[in-house]
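Enquirer: Fold the following for me, if possible:
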Amino acid sequence: MLPWVVRRTRLPLLSLRCVDCGSRSATTGEGRFRVNANGKLLDVWLLVRCVTCDRTSKLPVHERAAVRSLDPVELHGYRVNDPGLVASRLLDPLLARRNRFTLDWTGAWRLDVPSPWLDEGWPVQVGVVFEDPVPVRPDRLIARGLGLSRNEVLRRIKCGVPLRRPTSAGFTFTVMPEG
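Expert: Now for the predicted structure:
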């Protein structure tokens, strides 16, 4: 089985309406948190910036949380703006639902495909693994990886997942010989 890997190249944009200019796109930039303590209670926000007017907004990550309720390593990550923590919070579906944004993955991922398998016998089985939850249509992903048209993908590929429905979970497919 040949391994294909879908990798994130940068953080995705947020589809989030700006209150100033009405733009529907924002970015986390370098990824920063704002931590504000009020006695024993803590507020943590992820800072996002409008790509059109550069206005900064705050997305609440924790509101009025007791300091003791947070993991000390996580709290330190908020204070030092840990890039891994920024990515994990941005990719958290609960945070997205609570703050009413979706992720725009356009141009934020790549497909790593091993060298051609010319000496492999037909049919060829391929396993696709996602390092991050990038929603892509399998037919488009396979067409990109094999250099085929999407119609040819529909003819030559046998797969257990719907080819025209976006997925962000790993899957396998079989490439049938031309003919």
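Enquirer: all contacts plus neighbour counts: C-alpha atoms, from now on.
Expert: Noted.
Enquirer: Helix, strand or coil: sort out L154 for me.
Expert: helix (DSSP: H, G, I helix; E, B strand; the rest coil).
Enquirer: what does the lowest-mean-pLDDT helix or strand in the chain contact?
Expert: One helix or strand of the chain scores below all others by mean pLDDT, DSSP states H and E: strand 26-38, with a mean of 89. Residues from elsewhere that reach strand 26-38, judged by CA atoms under 8 Å, 6 or more residues apart in numbering: 11-16, 18, 42-51, 78-79, 81, 83, 86.
Enquirer: Now list the buried members of these.
Expert: 11-16, 18, 42-51, 78, 81, 86 (16 or more other CA atoms under 10 Å).
Enquirer: Just the ones in helices from those residues, please.
Expert: Mapping the buried ones among the contacts of strand 26-38 onto helices (DSSP state H) picks out 78, 86.
Enquirer: If we go by neighbour counts, what in stretch 130-145 is buried?
Expert: Buried, per 16+ other CA under 10 Å, within stretch 130-145: 130, 132-134, 136, 138-143.
Enquirer: per-residue confidence averaged over that stretch?
Expert: The pLDDT scores in stretch 130-145 average 93.
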